[in-house]
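Fold the following, please.
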Amino acid sequence: MSTFVRDPCGIVCILLTYVAVLYADYVVIRWIILQTMQNSLWGPFHVVVFNTIVFLLSMAHLKAVCSDPGVVPLPQNRVDFSDIHSGSSGSLQREDWTVCTRCETYRPPRAHHCRICNRCIRRMDHHCPWINNCVGEQNQKYFIQFLVYVGALAAYAIVLVVLSWVVECPDCSSEISVKQSRILHCVILVLESALFGIFVSAILVDQFQAIFSDETAVEQVQHQGPFRPHKPKLALLTEVCGRGHPVLWLLPCVGVSRHMDEPLLSHDV
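Take a look at the predicted model:
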């Protein structure tokens, strides 16, 4: 199931993300590589590596944007909650299932309602405007990949800028206008990379803390606590990234092969 939330803030953030990435790619190729490495084999090497990271970043971002985060399906028939209001819990087949009054349905454990998506999301961590989607059970892997690639791209861009000014370049243009344009673009790129790098690093640390503590951001806010049995960190990472080889966890083309062990309740009125 693919999903796209028509949220103006999220759409603007998506556009800003790709504008920033494309601008960084433009500066690196036009004002760094073509200006300082045009006669070196390092030029094609950095072009290939930098654009590979851009490609992986874009794939992970599109996966996070368009993938189903774990939306709880709505019942086909209207659910009768009269037994809940009367104090009877016989209709719940599991004690840890809850009722969402907005979706008017039962929801599995650790599912929460998102007011922007207007649906309940399995293992919802938060709604992120930068992917215009919720970060949930089915797309958290892609969200983490997106953060990793943004951080790698930002660090790579800063390194290339520093190398372009530190390493002697006898073939560089001596025109004042070219030098001024190069300085301006490099300064903007460094500021952009530093800002996005620090931002995604903070979010990435928060994501790993949430994974290793087995407690989503929503559960932390609601003070529900990590009440589940303790699991090894590798097992917790496997729940998010899938059961494939850890090297494959960085590939956005590999799906999250997680089995839904909580079947939906059937509701008959």
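
contacts, neighbours, all on C-alpha from now
Fine.

How far off centre is stretch 5-15?
Remark: stretch 5-15 is offset 14 Å from the chain centroid, using C-alpha atoms, centre = their mean, to the nearest Å.

Which strand or helix spans the residue lying closest to residue 21 once chain neighbours are set aside?
Using C-alpha to C-alpha, 6 or more residues apart in numbering and skipping the chain neighbours, the partner closest in space to residue 21 is residue 54 (7.4 Å). Following DSSP states H and E, one finds residue 54 within helix 42-66.

Need the residues that contact that helix.
2-4, 21, 25, 29, 33-34, 37, 131-133, 135, 139-140, 142-143, 145-146, 149-150, 152-153, 156, 251-253 (C-alpha atoms under 8 Å, 6 or more residues apart in numbering).

Quick check: buried residues in it?
Residues 43-44, 46, 50, 53-54, 56-66 are the ones in helix 42-66 that count as buried (16 or more other C-alpha atoms under 10 Å).

just checking, which of the contacts of helix 42-66 belong to strands?
Residues of the contacts of helix 42-66 located in strands (DSSP state E): 133, 135.

among the contacts of helix 42-66, which ones are buried?
21, 25, 29, 33-34, 37, 131-133, 135, 139-140, 142-143, 145-146, 149-150, 152-153, 156, 251-252.

What is the neighbour count of residue 15?
Residues lying near residue 15 (other C-alpha atoms under 10 Å) number 12.

which helices and strands does whichever strand or helix holds it pack with?
For residue 15, the element it lies in under DSSP H and E is helix 8-27. Applying 3 or more C-alpha pairs under 8 Å, 6 or more residues apart in numbering; DSSP states H and E, we find helix 8-27 packed against helix 42-66, helix 176-212.

and it, C-alpha only, in CSV?
Output of helix 8-27 as CSV, limited to C-alpha atoms (Å, rounded to 0.1, in the frame of the first residue of the first chain):
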residue,chain,number,x,y,z
PRO,A,8,1.0,21.7,2.6
CYS,A,9,3.8,21.9,5.2
GLY,A,10,5.0,18.4,4.3
ILE,A,11,4.9,19.1,0.6
VAL,A,12,6.9,22.3,1.1
CYS,A,13,9.5,20.4,3.2
ILE,A,14,9.8,17.7,0.5
LEU,A,15,10.5,20.4,-2.1
LEU,A,16,13.0,22.1,0.1
THR,A,17,14.8,18.8,0.6
TYR,A,18,15.3,18.2,-3.1
VAL,A,19,16.2,21.8,-3.7
ALA,A,20,19.0,21.6,-1.1
VAL,A,21,20.2,18.2,-2.5
LEU,A,22,20.3,19.4,-6.1
TYR,A,23,22.0,22.6,-5.1
ALA,A,24,24.7,20.7,-3.2
ASP,A,25,25.2,18.4,-6.3
TYR,A,26,25.4,21.5,-8.5
VAL,A,27,28.0,23.2,-6.4
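
what mean pLDDT would you report for that helix?
Mean pLDDT, computed over helix 8-27, is 96.

what's that helix in contact with?
Against helix 8-27 from outside (C-alpha under 8 Å, 6+ apart): 50-51, 54, 128-133, 157, 185-186, 189, 192.

Can you flag which of the buried ones among the contacts of helix 42-66 belong to helices?
Using DSSP state H, the members of the buried ones among the contacts of helix 42-66 that fall in helices are 21, 25, 34, 140, 142-143, 145-146, 149-150, 152-153, 156.
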